[in-house]
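Asker: predicted model follows, preceded by the sequence.
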Amino acid sequence: MSASTFRRSERALWRRSGADVLASLPESADVHFLTGGAGALWLALDEPGTVEALVDDLAVSFGVAADALATDVRLCLEDLSVMGLVERES
Amino acid sequence: MTGPSPIGRVVSDIVAFGIPGARTPELFAPDPVEWEALRLQILAQRLTGLATAYANSGWLKLEDEQRERLHVDHRDAMIWSIYIEQKLIRLAVLFDDAGIAFGVLKGASVAHTAYAEPCLRSFGDVDLLVRTTDYERACTLLDANGHVRQRPEPRRHFEVRFGKASVHKDPTDNIEVDLHRTLVLGPFGLWIRPEELLDRAVSFTLGGRQLPRLDDTAMFLNVAMHAALGSETPRLVPLRDVAELAAGSELDAQLLRDWCDRWHLNGVLRSVARQVRERLGVHLPMLLELERLTVAASDEKLLDAYSTKRRAGGMATTALAAIPGMRAKAAYVWALTVPRREFLRARMPSDAAYRRRWRRALEGVRASQGSARG
């Protein structure tokens, strides 16, 4: 997984709402509310990146060590991938 | 002459926020009563995105509870915008499959192409422009796909001859679809050639799909006409759209002048440019230039029909000026004075209202004959 690059799906319909993000797909009945770290991760995906790059980026933003975020970022990317909002390129 | 109220001033500053040439805002910290009044304005004018940006900039000092309320209001507005975009994509598939060319007007197309971020521009419905030759087929298509037309036309084929648009709603999603064949009601809507605007369509990406929209110059014309003629007093977001496009787009000035000359639009653009300056406090060279346009007295008079005389049926009577030929004028008056029963049931709650309509139409004929003689 660590070698993969993650990017927002081109099909995602989304909006910033303060620090949070609302995101959905054209055919989805659900609009997902990405708060806190999930919202920050989404915004960090302005540029596609590997897990490591995204973790580093967010660690700087939040002012914490990268190790403290790595697991949460991986899990969040997995969730967003399952939702179809994020795509993974190997 | 008194200036705007403190709430009016801050609402104007919110609408103008971020536009180059906007006046310097004034710091505002609303008390609870002022906040309620301001919030109502923000909701009514669909300004949650701009208000959030404005509050984040520090010009609007909100208590934590007020800030949270604005956040929730904005979130709700954004959810609705996403639902509308989903609907827009479904309609695009439908229209493409049926071979009906269209252009997305206002709303999503402006939010995604003119604004720095789409979250700054909320919208409440879908607006689509189709060619007049496709209009009735598009109505049928919407009808066949679960939409209910909200108001019948006065007579069959009235809209393709004299009308602007119809509203269609699917009861399962409750989203209004405004299907246009021209941009505004009345004479200015009849003088313009919307097909020329559609011929210049470009595309924008939404949900991974390319959707057609008007190019920047045609979009500017659309938002300007909507701002100046769409309501008795121009709404603020359309004025922001005008300022946004005037400030940040590459407009074809020569083409705009050509359209203005051919479609009697000098007065419309001059009026909207003045409104942007007076109501938003925005000074942009391009709009100041439009304020210097020369307007024919007859066109100036027609503008009154959209503002001060709007409620007195001004547009219905002045439309006669743009309808060529006596037979067509007669068909127009006949349709409005003796409409179908379905139209009456939808529009006329009482006999008195119906009689008033008769009177207005006849006045319109007289006024038209008078101006023809003059």
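Answerer: Yep, it's here. Since the model is a prediction, treat every value here as computed from it, not as a measurement. Numbers count the residues shown, from 1 in each chain, chains lettered A, B, ... in the order given.

Asker: CA atoms for contacts and neighbours, from now on please.
Answerer: Fine.

Asker: next one: phi and psi at B:Val148?
Answerer: In this entry, B:Val148 is assigned phi and psi values of phi -110, psi 130 (degrees, to the nearest 10).

Asker: what separates it from B:Leu94, distance-wise?
Answerer: When distances are taken as Cα to Cα, to the nearest Å, B:Val148 and B:Leu94 turn out to be 16 Å apart.

Asker: B:Trp35 too?
Answerer: Following Cα to Cα, the distance that separates B:Trp35 from B:Leu94 is 44 Å.

Asker: could you do B:Ala331 as well?
Answerer: Distance of B:Ala331 to B:Leu94, given as Cα to Cα: 33 Å.

Asker: right, is stretch A:9-23 up against chain B?
Answerer: Yes: judged by Cα under 8 Å from any Cα of the partner chain, stretch A:9-23 and chain B are in contact via A:Glu10, A:Arg11, A:Ala12, A:Leu13, A:Trp14, A:Arg15, A:Arg16, A:Ser17, A:Gly18, A:Leu22.

Asker: for that stretch, which positions count as buried?
Answerer: Under the neighbour-count criterion of 16 or more other Cα atoms under 10 Å in any protein chain shown, stretch A:9-23 has A:9, A:11-18, A:20-23 buried.

Asker: identify all contacting residues around it.
Answerer: With Cα atoms under 8 Å, 6 or more residues apart in numbering or on different chains as the contact definition, stretch A:9-23 has outside contacts at A:24-26, A:31-36, A:39-40, A:42, A:84-87, B:49, B:52, B:71, B:74-75, B:78-79, B:82, B:85-86, B:118-119, B:206-209.

Asker: now the buried members of those residues.
Answerer: When those are checked against 16+ other Cα under 10 Å, the ones flagged as buried are A:24-26, A:31-35, A:39-40, A:42, A:84-87, B:49, B:52, B:71, B:74-75, B:78-79, B:82, B:85-86, B:118-119, B:206-207.

Asker: so which of these belong to strands?
Answerer: Secondary structure of those is defined by DSSP state E; positions in strands are A:Ser24, A:His32, A:Phe33, A:Leu34, A:Val86, A:Glu87, B:Leu206.

Asker: beta-bridge partners for the last one, please?
Answerer: Going by DSSP bridges, B:Leu206 is paired in beta bridges with B:Arg209.

Asker: contacting residues around it?
Answerer: Applying Cα under 8 Å, 6+ apart, the residues near B:Leu206 are A:Arg11, A:Leu13, B:Glu85, B:Ile89.

Asker: TSV for these, including pLDDT, secondary structure and distance to B:Trp191?
Answerer: As requested, the contacts of B:Leu206 are exported to TSV (pLDDT from 0 to 100; DSSP: H, G, I helix; E, B strand; the rest coil; distance: Cα to Cα, whole Å):
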residue	pLDDT	secondary structure	distance to B:Trp191
A:Arg11	97	coil	39
A:Leu13	98	strand	37
B:Glu85	98	helix	31
B:Ile89	98	helix	31
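
Asker: quick check, nearest of those residues to B:Leu239?
Answerer: Proximity of those to B:Leu239 was ranked by Cα to Cα; the top entry is B:Glu85 with 22.4 Å.

Asker: distance of the residue lying closest to the closest one once chain neighbours are set aside from chain A?
Answerer: In space, B:Glu85 comes closest to B:Ala108 once its chain neighbours are excluded; the distance is 7.0 Å by Cα to Cα, 6 or more residues apart in numbering or on different chains. In this view, B:Ala108 and chain A are 11 Å apart by Cα to the nearest Cα, to the nearest Å.

Asker: just the mean pLDDT for the helix or strand hosting B:Ala108, thanks.
Answerer: The secondary structure element spanning B:Ala108 is helix B:107-113 (assigned by DSSP states H and E). Helix B:107-113 shows an average pLDDT of 97 in the prediction.

Asker: elements contacting it?
Answerer: For helix B:107-113, the packing partners by 3 or more Cα pairs under 8 Å, 6 or more residues apart in numbering or on different chains; DSSP states H and E come out as strand B:202-206.

Asker: okay, helices next: where are they in chain A?
Answerer: With DSSP state H, the ranges of helices along chain A come out as A:36-44, A:51-62, A:66-83.

Asker: so for chain B, which of the ones you listed sits nearest?
Answerer: Among these, the nearest to chain B by Cα to the nearest Cα is helix A:36-44 (12.7 Å).
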